[in-house]
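>>> build me a structure from this.
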Amino acid sequence: MTEPDPDPIYREALEWFVRIKDEQASAEDRRAFAEWIAESPAHEAAFQRAQQLWDRFEIVKPEYDRMRASGSLNRRTLLIGGLAGLAAASGGYIFTRPGLFADYTTDVAERRSFELADGSIVELGSYSALSVHYTDSERRLVLHRGEGFFQVAEDAARPFLVEAGIGTTRALGTQFNVKLADLVTVSVAEHSVSVALDAARAVTIEEGWQVTYGAAGLGTPQQADQGVVEAWRKDRIVFEDVPLRRVLGELERYRRGRIVLVDESIGDIPVTAIFETRQTEQALRTIAETLPIRVLNAAGFVAVVYRR
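Have a look, this model is predicted:
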């Protein structure tokens, strides 16, 4: 899931706003707040922004009152997460996203196919970005974000390479899928590929198999269910015992507002379901109905997920 507003002063102002708004705020809390405001004009300006954000976040107010009445221990966390999420969703954070100037991009819930100069076919999934760099010696693509399916045209003189995260996938006459999320997953639909993080860390993946990699290195190759892997090409997402936090991260790719998980204790709840990529609001409602969670959905800006 995406990160909140990167401005640390604004984030601090959001925290102070929720802290002071709480009826349980102590005299010491209020003195500390007054000292913080007095430290810098930037603090006062950031706090005013937080107040304006709260005024827009009308849907949260009844829920805040409900949690306050019930003595919920997570009320501050919920509001801080929700307000920060709304700030990111309604602000200019999109300009910090990778692939802003990529050669090919897709919008939220959009799929797009195109043919490259060598005859290779690429299909990009929702909110994806891809750059293409062809030379006389290689065909190098960079997946900045999202997901892509690659059908590679034969050209023995120029290897076909796809960079994603810290690794590079080299086609060995093939069709394969690359998904860039918290980790990168490469799945092979036809023939094989070589996946390498560096010269010492590489593996060949055969048809019907996949491998995941990230900061911790290359994972162990596993058999892939191509129906699940390529479900997005039919506007579906399939989850089989997938942790809730990953499900929410995936759903976020198909909606314009953020999804903020503010209670990590529920992040590992397994989810098995099939959702339509163009009906993420229904997916969130279904999750809330079937799991011990609540989803506070602020009119398309941000969905805040916490324990019921």
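>>> can you pull out the helices in the stretch 51-200 of the chain?
Taking DSSP state H, counting those that start in this stretch to define them, one finds helices in the stretch 51-200 of the chain at 60-70, 75-90.
>>> need the least confident one among those helices, by mean pLDDT.
Least confident of these, judged by mean pLDDT, is helix 60-70 with a mean of 51.
>>> what separation do you get for residue 228 and residue 187?
For residue 228, the distance to residue 187 equals 9 Å [CB to CB, to the nearest Å]. From N, CA and C alone the C-beta is placed, and that goes for glycine too.
>>> for residue 207, same thing?
From residue 207 to residue 187 the distance is 10 Å (CB to CB).
>>> neighbour count winner among these two?
Higher neighbour count among residue 207 and residue 187: residue 187, with 25 against 16, using other CB atoms under 10 Å.
>>> separation between the more buried one and residue 238?
For residue 187, the distance to residue 238 - CB to CB - is 13 Å.
>>> repeat that for residue 264.
Distance from residue 264 to residue 238, by CB to CB: 25 Å.
>>> more neighbours, those two?
Using other CB under 10 Å as the criterion, residue 264 and residue 238 rank with residue 238 on top: 17 against 9.
>>> what's the following helix or strand after the strand or helix carrying the more buried one?
According to DSSP states H and E, residue 238 maps onto strand 236-243. Using DSSP H and E, the helix or strand that directly follows strand 236-243 along the chain is helix 244-252.
>>> I'd like to know which elements the next helix or strand after that next one is packed against.
Where DSSP H and E defines the elements, the next helix or strand beyond helix 244-252 is strand 258-261. Here strand 258-261 touches helix 75-90, helix 244-252, strand 302-307, going by 3 or more CB pairs under 8 Å, 6 or more residues apart in numbering; DSSP states H and E.
>>> ok and the very next helix or strand once past strand 258-261 relative to strand 236-243, angle-wise?
Of the helices and strands lying after strand 258-261 in sequence (DSSP H and E), the nearest is strand 270-276. Between strand 270-276 and strand 236-243, the angle comes out at 170 degrees (axes from the mean of the first three to the mean of the last three CA atoms, to 10 degrees).
>>> does the next helix or strand after strand 270-276 pack against any helices or strands, and if so which?
Next in sequence after strand 270-276, counting helices and strands by DSSP H and E, comes helix 280-290. Judged by 3+ CB pairs under 8 Å, 6+ apart, the packing partners of helix 280-290 are helix 244-252, strand 270-276, strand 293-297.
>>> residue contacts, residue 147?
124-126, 128, 177-180, 232 (CB atoms under 8 Å, 6 or more residues apart in numbering).
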